[in-house]
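Undergrad: Whatever this is, show me its structure:
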Amino acid sequence: MIWFCDASALVKRYVEEEGSLWFRHEVGRHKIVIAHITVVEVQAALAANYRSGAIALFAFYRARNKFVNQRGQYQILPLTESTVSIAASLVSHHPLRAYDAVQLATAVDYLKTHPSKRADLVFLTADAQLEKAARAEKLKTDNPNRHSRQ
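TA: I've put the predicted structure just below:
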């Protein structure tokens, strides 16, 4: 199974929040594909957790370093002209923030170039609006927050 993880899902590997236990238990069973922008978004989410007081400075540095060291475990998909074009179209059809549109567009574009992967790909996000848009675009989805008690 292939997990296309947006930042809201992937950050669960690095900080304790709803769905983290399930995500960490399951992540090793899947090939993980991410959009290139996720590299920035995860680090921004970790920094936001520190600034809000949700994690201590040491936990922030530990999580950030772990993420940087694990980047090689992820297939990172580049931002292309095709992705940008798809993202621009998606915001006309779905109430998405710009980076969420890029996340979804990256997954859609990946499946355009790898149609044989459609049956194996699950779009993983903790964002309900993005999940709704992904389902409307005919992607299989899952939300780690629905597995918080596992």
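
Undergrad: all strands of this structure, in order?
TA: 2-5, 31-35, 74-77, 121-124, 140-142 (DSSP state E).

Undergrad: May I see the buried residues of the shortest one?
TA: Within strand 140-142, the residues that qualify as buried are 141-142, counting by 16 or more other C-beta atoms under 10 Å. C-beta: built from backbone N, CA, C; applies to glycine.

Undergrad: Can you list the strands that it pairs with?
TA: strand 121-124 (parallel) (DSSP bridges).

Undergrad: pLDDT (mean, whole number) over the strand it pairs with?
TA: Averaging pLDDT along strand 121-124 yields 98.

Undergrad: Which residues does it contact?
TA: 1-6, 9, 33, 104, 107, 110-111, 131, 134, 139-144 (C-beta atoms under 8 Å, 6 or more residues apart in numbering).

Undergrad: buried subset of those?
TA: Buried among the contacts of strand 121-124 (16+ other C-beta under 10 Å): 2-6, 9, 33, 104, 107, 110-111, 131, 134, 139, 141-144.

Undergrad: Count the neighbours of Phe123 for me.
TA: Neighbourhood size, Phe123 [other C-beta atoms under 10 Å]: 27.

Undergrad: what's the closest non-adjacent residue to His147?
TA: Once flanking residues are discounted, His147 sits nearest to Trp22: 3.6 Å by C-beta to C-beta, 6 or more residues apart in numbering.

Undergrad: distance of the one you found from Ala9?
TA: Relative to Ala9, Trp22 is positioned 11 Å away (C-beta to C-beta, to the nearest Å).

Undergrad: what is in contact with these two at once?
TA: Pro144.

Undergrad: if we can go back for a sec, the residue nearest to His147 touches Asn143, doesn't it?
TA: No: the criterion here is C-beta atoms under 8 Å, and Trp22 misses it with Asn143 at 10.3 Å.

Undergrad: So what pairs up with Trp3 in the strands?
TA: Bridge pairing for Trp3 - DSSP bridges - gives Ile32, Val122.

Undergrad: top helix in this protein by residue count?
TA: helix 98-113 (DSSP state H).

Undergrad: CA atoms only for it, dumped as PDB, please.
TA: Coordinates of each C-alpha in helix 98-113 appear next as PDB, following Å, rounded to 0.1, in the frame of the first residue of the first chain:
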ATOM      1  CA  ALA A  98      -3.200  27.100  -1.500                       C
ATOM      2  CA  TYR A  99      -0.800  24.500   0.100                       C
ATOM      3  CA  ASP A 100      -3.600  22.000   0.500                       C
ATOM      4  CA  ALA A 101      -4.400  22.400  -3.200                       C
ATOM      5  CA  VAL A 102      -0.800  21.700  -4.000                       C
ATOM      6  CA  GLN A 103      -0.800  18.600  -1.800                       C
ATOM      7  CA  LEU A 104      -3.900  17.300  -3.500                       C
ATOM      8  CA  ALA A 105      -2.600  18.300  -7.000                       C
ATOM      9  CA  THR A 106       0.600  16.500  -6.400                       C
ATOM     10  CA  ALA A 107      -1.300  13.200  -5.600                       C
ATOM     11  CA  VAL A 108      -3.500  13.700  -8.600                       C
ATOM     12  CA  ASP A 109      -0.600  14.400 -10.900                       C
ATOM     13  CA  TYR A 110       1.300  11.300  -9.500                       C
ATOM     14  CA  LEU A 111      -1.700   9.100 -10.400                       C
ATOM     15  CA  LYS A 112      -1.800  10.600 -13.900                       C
ATOM     16  CA  THR A 113       1.700   9.600 -14.500                       C
END
